[in-house]
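Test case, fold it:
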Amino acid sequence: MAILLGKTATVTCGGVSAGARDVTMEETVSELEFGLYANRQRYSYSAGYTGSATIEFIDDGATGLISNLQAGEQIAVSISPGGFSFDAIVTGVTQSMPLDGVISWTVNVKLTYPGLR
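Residues are numbered from 1 along each chain as shown. Next up is the predicted model:
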């Protein structure tokens, strides 16, 4: 399990869990814009949000998690302290060149409802 600044992040995919080095999340609000008849002022209405995250790993291949992380796979991310967790769909995986047998991975995901595919 990776620990960064006192926070622990665990990613699970296909029954295999591993620690993440860093998790960065972004939430974007979807909005509807409208105006009243004979009024030049525009108003916005929140119509939900979408969420995405970037997860960084350092992996030597021992956990087997990286072989499960392919586009379209569903993962579960748990961050503590605080007990924050979310399910997500993998949208992209980027691999760096190995350095002393250790590979750095970046996984892009979109937040989803648990069990939804």
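
which residues in the protein form strands?
Applying DSSP state E to the chain gives strands spanning 2-4, 7-13, 16-19, 22-35, 42-59, 74-80, 84-95, 103-112.

tell me the angle the second one makes with strand 42-59.
On the basis of axes from the mean of the first three to the mean of the last three Cα atoms, to 10 degrees, strand 7-13 is oriented at 80 degrees to strand 42-59.

list the contacts for the residue nearest to V29 when sequence neighbours are not counted?
Nearest non-adjacent residue to V29, counting by Cβ to Cβ, 6 or more residues apart in numbering: Y49, 4.9 Å away. Glycine gets a C-beta too; all of them are placed from N, C-alpha and C. Applying Cβ atoms under 8 Å, 6 or more residues apart in numbering, we find Y49 in contact with E27, T28, V29, S30.

picking that back up, of the strands of the chain, which is nearest I66?
strand 42-59 (5.0 Å; Cβ to Cβ).

Show the contacting residues for N108.
By Cβ under 8 Å, 6+ apart, the contact set of N108 is S52, A53, T54, I55, V90, T91, G92, V93, T94.

Would you mind writing the ChimeraX command to select the buried ones in those?
The buried subset of the contacts of N108, as determined by 16 or more other Cβ atoms under 10 Å, is captured in ChimeraX by this line:
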select :53,55,90,93
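
Among the contacts of N108, which one sits closest to S67?
Closest approach to S67 among the contacts of N108 (Cβ to Cβ): V93, at 10.7 Å.

where's that closest one relative to I75, distance?
As judged by Cβ to Cβ, to the nearest Å, V93 and I75 stand 11 Å apart.
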